[in-house]
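Asks: here is my input; please provide its structure:
(chains A and B)
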Amino acid sequence: MSLEVAVFSLLALVSVLGALGVVLARNPVHSAIGLVLSFLNVAAIYLVARAEFLAVVQVIVYAGAIIVLVVFVTMLVHPDDLPEFHGRRSLRLVTGLVLGAALLAEVAAAVLARGVRGAPGPWTDEVVAAVGGNTRALGQVLYVDYTLGIQLTALLLLAATIAAIALARPEAISDRVAAARRVLTISLAHPRGLDQPELPLALPGTQDGRVKAAGGGRPIVLARSADEFTEQPAWGEWRGR
Amino acid sequence: MSELSATHFLLLSAALFIIGMVGVLTRRNVLVIFMCIELMLNAVNVSLIGFAWELHQLTGQVFALFVIAIAAAEAVVGLGIVMALTRRTDTVDIDELRQLRE
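Replies: Reported below is the predicted structural model:
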C-alpha cells in the first residue's frame, strides 16, 4: 500500500466519521461540527487529487460561509424544542437504514466492477505545471469553454440573493394576520368593536358564555377607546379589506 | 487497490452520499436535513474530482466548481425558507410542516 493510499484512507475515514456525526448527533450544533470535520477532510482529499483551487474554494465556501449560515440559523430558531427528543419514528429509521445499505451495496458493486475507462485527456501534471499551476489551467478551461455557464451562475447567485432577502424579510402581512388571529379584541367604545358580528352589541363581559365561545379559546382583550382598538392587531382590520 | 485510483474516490463518494441520504430519510429536524443535503452535494464533488484526476481532465473540476456555486445558492434559499417557516409556525419538525399537503 503506497503512501498516497494511506493518506487518502485516513482522510476518507475521518470525513466519513464526520458525516456519521451529522446524521447521529441529536443537537444540530453538533451536527454542524461534524459537517465542518467532513468538509475539511474532503478539502484535503482534493489536495491529494491535485485540485488545489477547489480545495481552497471548499474551505472558504463550504466550511466557511455555509457553516456560518447554518449556525446562525440554528441560533435563530428554537433552541430547546428539538424534534428528535419527542421520540423517533422507528419505521422510518428502519426504512432509511435498509434503503441506505441496499444502495451502498449496489453502488459499491458497480464501482468495483467498473471496466470501461475513458481515454486520458491532455491535462497531465507537466502540462498543468507548464501553464502555471492548477488555478491558471482551471481559469483557461473555465473562461474559454464555459463562459455561458459562468454568466448563468452569476445570474443564479443574484436571484438567490434576492430570494433570500424576500424570504427573510421581517413583518410580512401574513405575520400580522397570524398575530391578530391569536386574540379576540372587543372595543367598549367602538360601534363595530366586536369582530364577531353575531354577538350582541351590549357591553359583553369576558366571562360571558357566548363571548368565550366566539373567542374559541383565544385570549379576550377589552379595549377602552376606539384608538386603543385600532392599535390592536384586530381580526376585523384584516377581514375588512 | 494498492495504487490510488478513481475507485477510491468513487467509494468515498458513495459512502458520503448514502450517509447523507439516510440522514434525509430518517431525521426530523429541518436544519439537519438541510445539512445532509449539503453532504450529498459534496459527495458528488468528490466523484467528479476523482474522475478529473484519473483522466487528466479539468472538466470535472469545472463542474465541481459549478456544483459549489449552486450549493451556495441553495444554502441561502433553503435557510431563508427555514427562517420563514420557523417565524410562522414556531417549529423545525418536518412532521408538523404539512401545510402544502392539507
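
Asks: contacts and neighbour counts: CA atoms only from here.
Replies: Fine.

Asks: and the residue nearest to A:Val56 when sequence neighbours are not counted, what does it touch?
Replies: In this structure, A:Val56 finds its nearest non-sequential neighbour in A:Ala43, 7.3 Å apart by C-alpha to C-alpha, 6 or more residues apart in numbering or on different chains. For A:Ala43, the contacting residues are A:Leu54, A:Ala55, A:Val56, A:Gln58, A:Val59, by C-alpha atoms under 8 Å, 6 or more residues apart in numbering or on different chains.

Asks: mind pulling the model confidence for A:Ala43?
Replies: As predicted, A:Ala43 sits at a pLDDT of 96.

Asks: quickly find the element holding it.
Replies: Using DSSP states H and E, A:Ala43 falls within helix A:28-48.

Asks: can you name every helix or strand that the longest helix anywhere in chain B contacts?
Replies: Counting residues, the longest helix found in chain B (DSSP state H) is helix B:59-89. In terms of contacts (3 or more C-alpha pairs under 8 Å, 6 or more residues apart in numbering or on different chains; DSSP states H and E), helix B:59-89 is packed against helix A:52-57, helix A:67-76, helix A:134-145, helix A:147-168, helix B:30-54.

Asks: let's see that with 7 Å instead.
Replies: helix A:147-168, helix B:30-54 (3 or more C-alpha pairs under 7 Å, 6 or more residues apart in numbering or on different chains; DSSP states H and E).

Asks: what's the burial count for the nearest residue to B:Val44 once chain neighbours are set aside?
Replies: Using C-alpha to C-alpha, 6+ apart and skipping the chain neighbours, the partner closest in space to B:Val44 is B:Ser13 (6.4 Å). For B:Ser13, the neighbour count with other C-alpha atoms under 10 Å in any protein chain shown is 26.

Asks: please apply the same query to the one 10 residues further on.
Replies: B:Gly23 has 28 neighbouring residues, counting by other C-alpha under 10 Å.

Asks: SS state for it?
Replies: Following DSSP: H, G, I helix; E, B strand; the rest coil, B:Gly23 is assigned to helix.

Asks: what's near enough to touch it?
Replies: Going by C-alpha atoms under 7 Å, 6 or more residues apart in numbering or on different chains, B:Gly23 touches A:Val23, B:Ile33, B:Cys36.

Asks: can you name the residue of chain A nearest chain B?
Replies: Nearest to chain B, among the residues of chain A, is A:Pro120, at 4.4 Å (C-alpha to the nearest C-alpha).

Asks: wouldn't that residue be in contact with B:Trp53 here?
Replies: No. The pair A:Pro120 / B:Trp53 is not scored as a contact, 9.7 Å apart, by C-alpha atoms under 7 Å.

Asks: neighbour count winner among the two?
Replies: Shown here are A:Pro120 and B:Trp53; by other C-alpha under 10 Å, B:Trp53 has more neighbours (26 against 13).

Asks: and the residue of chain B found nearest chain A, how far from B:Phe17?
Replies: Nearest to chain A in chain B, going by C-alpha to the nearest C-alpha, is B:Leu55, at a distance of 4.4 Å. According to C-alpha to C-alpha, to the nearest Å, B:Leu55 stands 22 Å off from B:Phe17.

Asks: again, but for B:Gly50
Replies: The gap separating B:Gly50 from B:Phe17 is 15 Å, by C-alpha to C-alpha.

Asks: ok so, going back, ok, the residue of chain B closest to chain A - contacts?
Replies: Taking C-alpha under 7 Å, 6+ apart, we find B:Leu55 in contact with A:Ala119, A:Pro120, A:Gly121.

Asks: and the helix or strand of chain B with the lowest mean pLDDT, how far out from the chain middle?
Replies: Sorting the helices and strands of chain B by mean pLDDT, DSSP states H and E puts helix B:59-89 at the bottom, at a mean of 89. Taking C-alpha atoms, centre = their mean, to the nearest Å, one finds the center of helix B:59-89 at 9 Å from the center of the full chain.
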